[in-house]
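**Q** Model the following, please.
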Amino acid sequence: MQDLKIDVSNVILNLEATTNEEALSKLSDLMYQNGYVKEGYTNAVIEREKSFATGLPTVYCSVAIPHTDIKHVNTKSIGVAVLKETVPFVIMGELEETTDVKLIFMLAMDKEDAQLSLLQKLMGIFQNDELLAFLANAKDKQAIVNKLDQELSK
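**A** This is a model prediction of the structure:
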């Protein structure tokens, strides 16, 4: 995706969190500190997750794709967190059933249609167990950024 910024400063390895709210807060706060999202982004993404869950059970490890309205975004970007221990997220389309998430891809899109095409590309990544294993076990933030840039630019 042209002009989509995955900045190494928006990647967290071994994120420690006991709840999805804590994980979302830490990742979105980092994106705010780095200037990619506006002040209200953290609250907005946490509130949206309560109404529209984003957990996705995938074969290798479960992922979450939290996001919120474009009005909270400064620069289109993705924040990535590899959790030290999985945390439960409600499964997308469910009310209570959860999945234990290892990878969070926090989307900050500045246009509604951009979000849809990004989600389609991410779904391709989520269906690739080898790629998810690489991302979940990466020891280097730049390696994660390079791999995602490569996959999203296809």
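**Q** in which helix or strand would I find the residue positioned nearest the centre of the chain?
**A** Centroid-nearest residue in the chain, with Cα atoms, centre = their mean: residue 105, separated by 1.3 Å. According to DSSP states H and E, residue 105 maps onto strand 98-108.
**Q** Buried residues, the helix or strand of the chain with the lowest mean pLDDT. List them.
**A** Within the chain, no helix or strand scores below helix 112-126, which has a mean of 85 by mean pLDDT, DSSP states H and E. Neighbour-count burial for helix 112-126, counted by 16 or more other Cβ atoms under 10 Å, picks out 114, 115, 118, 121, 122, 125, 126. (Glycine included, C-beta is placed from N, CA and C.)
**Q** what ranges do the helices span in the chain?
**A** Using DSSP state H, the helices of the chain run over 20-33, 41-51, 112-126, 129-137, 141-152.
**Q** least reliable of those helices going by mean pLDDT?
**A** Lowest mean pLDDT within these: helix 112-126, at a mean of 85.
**Q** Taking their axis directions, that helix and helix 129-137 sit at what angle?
**A** Orientation check (axes from the mean of the first three to the mean of the last three Cα atoms, to 10 degrees): helix 112-126 against helix 129-137 gives 100 degrees.
**Q** Might you report the residue contacts of residue 61?
**A** Applying Cβ atoms under 8 Å, 6 or more residues apart in numbering to residue 61 gives the contacts 86, 101, 102, 103, 132, 133, 136.
**Q** Go again with 7 Å.
**A** 102, 103, 132, 136 (Cβ atoms under 7 Å, 6 or more residues apart in numbering).
**Q** Which residue, other than its chain neighbours, is closest to residue 23?
**A** The shortest distance from residue 23 to any non-neighbouring residue, by Cβ to Cβ, 6 or more residues apart in numbering, is to residue 17 (3.8 Å).
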